[in-house]
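1. sequence plus the predicted model coming up.
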Amino acid sequence: MNWRKNLYVLCFCNFFANIGFNMVIPFMPVILQQNAGVTENLSFWSGMMSMMVYFTYVIVQPIWGSMADRSGKRMLLLRSGLGIGLSYFMIANCRSIWALLAVRALNGALMGFIPASNILLSSTTPSYAVGYALGTLNMAVAVGTVLGPVVGGALVESLGITYSLYFGGVIMLIVGLAAFFGTEEQPIPANVVLSPFWQDVKEVLADPGIRTPIFCLFTLNMCNQMILPILPLFVAGLQAERAQLMVGVVYSISAVSLALGSPLINKLHGRKYHISYAVILVSCLLLAGGTTLLQGLASGLLFLVIQRFIYGFFQSGITVASNVLVAINAPDEKRGRVFSLVNSIASTGFIIGPVIGGNLGEINYRVPFIAAALFFCLAGVYLWQWQKRNPGGIEKDFSDDGEEMA
């Protein structure tokens with residue numbers, strides 16, 4: 001099993017997949033206005049579109065995880081890439097709010113390219129290299145996230161939202177096929193027997209090494225989604241000229257620091273510094289809260305861009321540390337189901353966040369930032385207090401033998 005080949009292929013595919021994702025997501029208000037004819041309550045409907053995607057995503061993720069452990073992880077990559085690509089073609093042709101809501105629900109049921117990549121990579125990578133591999137993959141995801149909104153913004157400005165959706169759909173079809181045919185995994189035994197769903201849920205929630213990442217990822221997802229649906233409207237209020245292009249820049253800038261920060265997490269936890277993942281998570285939650293508050297207080301675009309850039313470093317810390325903890329604590333034979341359950345439970349934050357943010361945005365576009373900052377800080381303080389009572393409770397010992405990961 002060549003784990004490095006899997007890493008390189010998945011980094012390549014996730015880079016382009018996230019260009020495809022982020023050509024579409026930041027411009028949902030534009031889709032609502034131009035394709036579905038929505039002229040009022042844009043903040044509310046943008047939140048509902050995000051909520052619907054993750055509502056179906058949460059429901060079906062455990063099903064995909066069970067299929068991965070029974071039939072192989074590569075099928076998840078193919079299903080997600082092709083499914084999302086086709087759903088983008090359908091979104092481009094929606095002409096009513098209800099049709100768009102239904103297709104977004106389908107989009108959510110077929111999503112999961114990044115989690116599927118995490119599952120495959122963590123199950124084919126030796127333990128000493130898991131942190132390096134997931135950090136590198138997260139960097140590729142972030143770089144694609146950087147370019148996606150910029151590419152999407154330029155296409156929306158020049159060609160319109162419909163052709164941007166077509167372009168994103170083609171990208172997703174290609175990466176789905178490339179990921180399936182370019183990776184490899186161990187054959188699944190023909191007589192594999194899966195434990196009952198509720199037993200898996202009970203085991204996941206009983207293990208603090210997995211429960212803590214769920215808590216942190218839930219907080220990150222919820223707080224991000226409180227802000228993202230109203231961010232285009234907030235940016236437009238700060239900069240009216242070439243607003244769509246500026247939305248792409250603001251979305252992208254945090255992904256630049258996300259890409260830069262992801263490899264650093266493995267260094268911080270490595271032999272030289274050996275900072276625990278618990279400390280990394282607590283620090284990143286608190287600092288993410290501070291930078292989120294400053295974003296909401298921004299009175300100019302430059303200050304907002306700077307704070308979004310700084311915020312990306314703390315987002316990378318939460319994401320990478322959480323995924324590595326899941327990988328090293330999940331049993332090999334259940335890794336697909338565990339990752340899917342973690343993503344499913346944590347993704348309830350994607351459902352709650354847009355509803356809270358969309359409604360708070362009706363008051364004032366700054367209010368969701370302030371609320372998200374408060375949630376980040378409360379989560380950081382809670383985890384800090386829990387870790388003081390349970391030192392070393394979330395990290396299993398695993399070998400760092402082998403090569404030092406750069």
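-> Thanks, I have the structure now. From a predicted model like this one, the values you see are computed outputs, not experimental measurements.

2. quick one: low-confidence ranges for the stretch 1-150 of the chain?
-> 1, 25-26, 43 (pLDDT under 70).

3. for it, which segments count as helices?
-> Under the criterion DSSP state H, counting those that start in this stretch, the stretch 1-150 of the chain carries helices at the ranges 3-22, 28-34, 42-71, 74-92, 97-110, 113-124, 130-158.

4. elements contacting the fourth one?
-> Read it as helix 74-92. helix 3-22, helix 42-71, helix 97-110, helix 113-124, helix 161-182 (3 or more Cβ pairs under 8 Å, 6 or more residues apart in numbering; DSSP states H and E). Placement of C-beta: from N, CA and C, glycine included.

5. and the angle for the third one with helix 161-182?
-> In other words, helix 97-110. 20 degrees (axes from the mean of the first three to the mean of the last three Cα atoms, to 10 degrees).

6. next, the buried residues of helix 97-110.
-> Buried residues in helix 97-110, defined by neighbour count with 16 or more other Cβ atoms under 10 Å: 97, 100-101, 103-110.

7. and which of those residues is nearest to Val30?
-> Taking Cβ to Cβ as the measure, Val30 lies nearest Leu100 of these, at 12.2 Å.

8. dump the residue contacts of Ser122.
-> 130, 133-134, 323, 326-327, 330, 335, 339 (Cβ atoms under 8 Å, 6 or more residues apart in numbering).

9. and the buried residues of helix 97-110, which two are furthest apart?
-> Spanning the widest gap among those are Ile97 and Leu110, at 20.8 Å by Cβ to Cβ.

10. which among the helices of the stretch 1-150 of the chain is found nearest to Trp198?
-> Of all the helices of the stretch 1-150 of the chain, helix 42-71 comes closest under Cβ to Cβ, at 10.3 Å.

11. return the distance of that closest one from the chain's centre.
-> When C-alpha coordinates are averaged (Cα atoms, centre = their mean, to the nearest Å), helix 42-71 and its chain have centres 12 Å apart.

12. tell me the one among the buried residues of helix 97-110 nearest to Phe12.
-> Phe12 lies nearest to Leu110 out of the buried residues of helix 97-110, by Cβ to Cβ, at 21.2 Å.

13. for that closest one, which non-adjacent residue is closest in space?
-> Closest residue to Leu110 apart from its sequence neighbours, by Cβ to Cβ, 6 or more residues apart in numbering: Gly83 at 2.9 Å.

14. dump the helices of the stretch 1-150 of the chain to CSV, plus distance to Ala206.
-> Formatted as CSV, the helices of the stretch 1-150 of the chain follow (distance: least, Cβ to Cβ, whole Å):
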stretch, distance to Ala206
helix 3-22, 30
helix 28-34, 38
helix 42-71, 17
helix 74-92, 26
helix 97-110, 28
helix 113-124, 20
helix 130-158, 22
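
15. please identify the most buried of those helices.
-> For the helices of the stretch 1-150 of the chain, average neighbour numbers computed from mean count of other Cβ atoms under 10 Å are highest in helix 113-124, which has a mean of 26.

16. that one vs helix 3-22, what angle?
-> 170 degrees.

17. how far away from the center of its chain is helix 113-124?
-> Using Cα atoms, centre = their mean, the offset of helix 113-124 from its chain centre is 13 Å.

18. could you give the angle of that helix to helix 74-92?
-> 170 degrees.

19. Asn107 against Ser80, yeah?
-> No - judged on Cβ atoms under 8 Å, Asn107 makes no contact with Ser80 at a distance of 10.6 Å.

20. greatest separation within the contacts of Ser122: which pair is it?
-> The widest separation within these (Cβ to Cβ) is 14.8 Å, between Ala133 and Ala330.

21. now render the helices and strands packed on helix 74-92 as JSON lines, adding distance to Phe313.
-> Shown next, in JSON lines, are the helices and strands packed on helix 74-92 (distance: least, Cβ to Cβ, whole Å):
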{"stretch": "helix 3-22", "distance to Phe313": "18"}
{"stretch": "helix 42-71", "distance to Phe313": "24"}
{"stretch": "helix 97-110", "distance to Phe313": "29"}
{"stretch": "helix 113-124", "distance to Phe313": "19"}
{"stretch": "helix 161-182", "distance to Phe313": "27"}
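
22. just checking, Ala288 touches Phe313?
-> No - if you go by Cβ under 8 Å, Ala288 and Phe313 don't touch, sitting 9.1 Å apart.

23. more crowded one of those two?
-> Neighbour totals were compared for Ala288 and Phe313, and Ala288 leads with 29 against 21 (other Cβ atoms under 10 Å).

24. now do the same contact list for the residue lying closest to that one once chain neighbours are set aside.
-> Nearest non-adjacent residue to Ala288, counting by Cβ to Cβ, 6+ apart: Phe314, 4.1 Å away. Phe314 makes contact with 261, 283-285, 287-288, 291, according to Cβ under 8 Å, 6+ apart.

25. between which two of the residues you listed is the distance greatest?
-> Farthest-apart pair in the contacts of Phe314 is Gly261 and Leu285; separation 14.4 Å (Cβ to Cβ).

26. and the two? Which one has more around it.
-> The residue with more neighbours, out of Gly261 and Leu285, is Leu285; 27 against 23, by other Cβ under 10 Å.

27. and that one, how far from Tyr311?
-> Distance, Leu285 to Tyr311, by Cβ to Cβ, to the nearest Å: 12 Å.

28. ditto for Ala327
-> Ala327 is 25 Å from Tyr311, by Cβ to Cβ.

29. what's the closest non-adjacent residue to Leu78?
-> Nearest to Leu78 is Phe180, by Cβ to Cβ, 6+ apart, at 4.0 Å.

30. and the one you found, how many neighbours?
-> 19.

31. ok, now which ones touch it?
-> Contacts of Phe180 (Cβ under 8 Å, 6+ apart): 74-75, 77-78, 81.

32. at 6 Å what do you get?
-> 74, 77-78 (Cβ atoms under 6 Å, 6 or more residues apart in numbering).

33. residue contacts, Phe326?
-> Small correction: residue 326 is Val, not Phe. 210, 213, 342.

34. where's it, which helix or strand?
-> According to DSSP states H and E, Val326 maps onto helix 301-329.

35. pLDDT averaged over that helix, what's the number?
-> If you average the pLDDT over helix 301-329, you get 88.

36. next SSE downstream of it?
-> Heading C-terminal from helix 301-329 (DSSP H and E), you reach helix 335-346.

37. tell me what the helix or strand just after that following helix is packed against?
-> Using DSSP H and E, the helix or strand that directly follows helix 335-346 along the chain is helix 348-361. When contacts are defined as 3 or more Cβ pairs under 6 Å, 6 or more residues apart in numbering; DSSP states H and E, helix 348-361 sits against helix 42-71, helix 208-227, helix 367-389.
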